[in-house]
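Novice: Coordinates only, no sequence provided:
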Ligand code: FAS
Ligand code: PHB
């Protein structure tokens, strides 16, 4: 097989990159380890930044998003028995977030690629990038197995969009990389439930029992998260215990009650901050979770992946149009400016809202003081708002 850009991974990064490249007349093939059904039903992110919605709209893949996505102009912080709305319409006029499940974005992108005759191969195994190193003489290629046959995809460039546990970052010599890694002393238990949201906007709740988040996916489906131990076993969380803990952490203000309903899915996600520098090596470029991970408190993972691939698309388009490799050479520097801003914001939101086991009374007072400051100072609230909706 032969193409211009070989893409490993059919998550948001790989699929959006393939679509954006096709709009520039650049061919690609996407190689995905899992089945189409699996990637289209994997429940993950739920919040799209203002810029991501614009990218998807301009790329012509936002029809369902604009129809079914829920535009929110604020979020609520709930702590100390009080509720405080961060009003985007006042703080960052004209910018908002849209609540729309990542799996829906993936469905939209797969549909668009297949409708355009794009090549997305599912159930691929043993994908291995080769020939991409600066001193390699041959052409880059990706060797893989599909339908029981070993195959080789020859390409000009390889995009590693294969997520945190993928193969592409591992294919870069360790000596060429600087890795930044920080694990948190807790995880998130995510719950999808068939119940109408009890709030029109997202609620980020911080209290002694731990953090809780009330989100949603539609007027009939809610999405919740509970801070739990990092190695928590989902078997220890029967539905009754989940609802009791969500109530304990969310029903902390007068007159507000949490509606419950059938749990559709539940699982524990670890929390970590991670960055790979550089995000490229020879003809291999990393994008999305393959290059960086953020704790989901700031709702940034999917949005950062979208940003990376818009930068990579522009750089590849410039190269193919004969403008040289300047944008490709500066891909890492361009992405890292936003990566580190998002890393900081995600770390900041996480430390502001979660209760750390080793936090002493002094730490808790600092947290409470910062929460009160964010809810009483327009400058502090604006800083949160502009980072949350996306710079
Ligand atoms: P992805 O991990 O989505 O996609 C990588 C793809 O590559 C996968 O389909 C994988 O099967 C494939 N792959 C891996 N190795 C391969 C190989 N060797 N060959 C071929 N294919 C290979 N972000 C938020 O903003 N909010 C959230 O609430 C949130 N919750 C999350 C919950 C979980 C459990 C996880 C893991 C992540 C969550 N994230 C969240 C972050 C998430 O949304 C990512 O940022 C987003 O999926 C990034 O997209 P990709 O970079 O495309 O990586
Ligand atoms: C979600 O709806 O999945 C979601 C929303 C906000 C976050 C994280 C996850 O910060």
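Specialist: Thanks, I have the structure now. Just so it is clear, the model here is predicted, and its values are computed rather than measured. Ligands and ions are numbered 1, 2, ... in the order given.
Novice: which residues touch residue 34?
Specialist: The contact partners of residue 34, by CB atoms under 8 Å, 6 or more residues apart in numbering, come to 10, 122-123. To be clear about C-beta, it is placed using only N, CA and C from the backbone, and glycine gets the same treatment.
Novice: a helix runs through it, doesn't it?
Specialist: No. Secondary structure assignment places residue 34 outside any helix; it is coil (DSSP: H, G, I helix; E, B strand; the rest coil).
Novice: Quick check: it vs residue 9, distance?
Specialist: Computed as CB to CB, to the nearest Å, the residue 34 to residue 9 distance reads 10 Å.
Novice: got the domain boundaries for the chain?
Specialist: Segmentation of the chain into domains, based on automatic domain parsing, reads 5-72+96-180+272-346, 184-271+358-389.
Novice: residues from the stretch 101-250 of the chain in reach of ligand 1?
Specialist: 102, 124, 127, 161-163, 166-167 (CB under 6 Å from any ligand atom).
Novice: and with 8 Å instead?
Specialist: For the stretch 101-250 of the chain, the residues in contact with ligand 1 (CB under 8 Å from any ligand atom) are 102, 106, 124-128, 144, 161-168, 188, 190, 215, 225.
Novice: Pull the contacting residues for the nearest residue to residue 294 once chain neighbours are set aside.
Specialist: Closest residue in space to residue 294, ignoring its immediate chain neighbours: residue 346 at 3.8 Å, by CB to CB, 6 or more residues apart in numbering. Shown in contact with residue 346 (CB under 8 Å, 6+ apart): 273, 294-298, 300.
Novice: Now name the helix or strand holding residue 346.
Specialist: Per DSSP states H and E: residue 346 is located in helix 331-353.
Novice: Give me the buried positions along the helix or strand following that helix.
Specialist: Using DSSP H and E, the next helix or strand after helix 331-353 towards the C-terminus is helix 361-374. Within helix 361-374, the residues scored as buried using 16 or more other CB atoms under 10 Å are 367, 371, 374.
Novice: My guess is the first one contacts residue 207. True?
Specialist: No. Counting by CB atoms under 8 Å, no contact exists between residue 367 and residue 207, whose distance comes to 10.6 Å.
Novice: Enumerate every residue touching residue 283.
Specialist: Residue 283 neighbours (CB under 8 Å, 6+ apart): 131-132, 140, 156-158.
Novice: I meant residue 118, not that one.
Specialist: 18-19, 22, 28, 30, 112.
Novice: Same check on residue 167?
Specialist: Counting by CB under 8 Å, 6+ apart, residue 167 touches 8, 127-129, 160.
Novice: Farthest-apart pair in those, please.
Specialist: The largest distance within those, taken as CB to CB, falls between 128 and 160 and amounts to 11.5 Å.
Novice: who's more crowded, these two?
Specialist: The neighbour count for residue 128 versus residue 160, taken as other CB atoms under 10 Å, is higher for residue 160 (32 against 15).
Novice: Quick check: bridge partners of the more buried one?
Specialist: Listed by DSSP bridges, the beta-bridge partners for residue 160 are residue 8, residue 286.
Novice: Tell me how many other residues surround the residue nearest to residue 24 when sequence neighbours are not counted.
Specialist: In space, residue 24 comes closest to residue 317 once its chain neighbours are excluded; the distance is 4.3 Å by CB to CB, 6+ apart. Residues lying near residue 317 (other CB under 10 Å) number 17.
Novice: and residue 317, how far is that from residue 323?
Specialist: Residue 317 is 9 Å from residue 323, by CB to CB.
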